Structure formats: structure tokens, C-alpha cells
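Student: Need the 3D shape of this:
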Amino acid sequence: MDFKIEKLNGYILVQMQKEKLDTTVAPSLKSELVLLAGNNEKNILLDLAKCSYCDSSGLSAILVANRLSKNNDGVFILAGLQPAVERLISVSQLNNVINIAPTAKDGEEMMRKAVDKQ
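Tutor: Residues are numbered from 1 along each chain as shown. Below you'll find the predicted structure:
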């Protein structure tokens, strides 16, 4: 399995299980995110702690998650970025438009606060 999806209290936790978020994984992640949004799941925490590489298709999947959450008046948080992925996010300036938490635990805390405000 490429990623694990867990429904928690008011949000969905998606944990990457692979080291690479690339063209082999990103399409299935996007599909899953679209299905979640179709089921009115609007708050998504994407944990990339196990992911040490991301390409443009991976960035696209991240942007899809962010857009779907925003379109449903929800919250999207990216967590656990490894150095190479964090550099890519920074170079592409996505750190200016996406909520980023240092760890999944921090992301869960950020998400609980955001869900409480909804």
C-alpha cells in the first residue's frame, strides 16, 4: 500500500507509506483525495514523514488536496517534511500557500484547533 488513510475526529489523516511521492504514487493519491472530497471530507492532514522524494506529480497531488479542502471550506495541513521535500516545497513557494507542520503530531494539534473553530 502506498498510503494509509485514517478517519479521525473531524479530519482525515493520510500517511505516505512510500519513500517517493512520484508518478507511480501521485495518481492514486489524487484519486483517493477526490473521493474523500466527494464524501464531504474537507479537513485533510497529509503526513509525508516517510517520504524523502517528491516530483512534480507529487506536488500536483499536494496542490489537489489543498484545493479540495479550500473549496469545501476545510483545512489542509502538510506535515513531516523531509529535507529534500521541504526544499522542493520552498523552491516552488508552496510554503506560502499551504499550512505546514514540522511533525504529524504538530499537524494533528493544528488540525484539532482548526476543526474546533469550524
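Student: Going by C-alpha atoms from here, please, whenever you check contacts or count neighbours.
Tutor: OK.
Student: Which SSE is immediately downstream of the helix ranked longest in the chain?
Tutor: What stands out as the longest helix in the chain, according to DSSP state H, is helix 56-71. Downstream of helix 56-71, the next assigned helix or strand under DSSP states H and E is strand 76-79.
Student: if we look at the helix or strand that that following strand is followed by, which residues are touching it?
Tutor: Sequence order places helix 83-91 as the next helix or strand after strand 76-79, per DSSP H and E. The contact list for helix 83-91 (C-alpha atoms under 8 Å, 6 or more residues apart in numbering) reads 51-54, 59, 95.
Student: Pull out the buried members of those residues.
Tutor: Using 16 or more other C-alpha atoms under 10 Å as the burial test, the contacts of helix 83-91 include 51-54, 59 as buried.
Student: ok, and the closest non-adjacent residue to Tyr11?
Tutor: Asn43 (4.7 Å; C-alpha to C-alpha, 6 or more residues apart in numbering).
Student: same deal with Gln82?
Tutor: Ser52 (5.5 Å).
Student: so what's that neighbour up against?
Tutor: 19-20, 81-85.
Student: 7 Å instead?
Tutor: Ser52 makes contact with 19-20, 82, 84-85, according to C-alpha atoms under 7 Å, 6 or more residues apart in numbering.
Student: If you rank the residues you listed by neighbours, which is first?
Tutor: Comparing the contacts of Ser52 on neighbour count, Val85 comes out first with 22 neighbours (neighbours: other C-alpha atoms under 10 Å).
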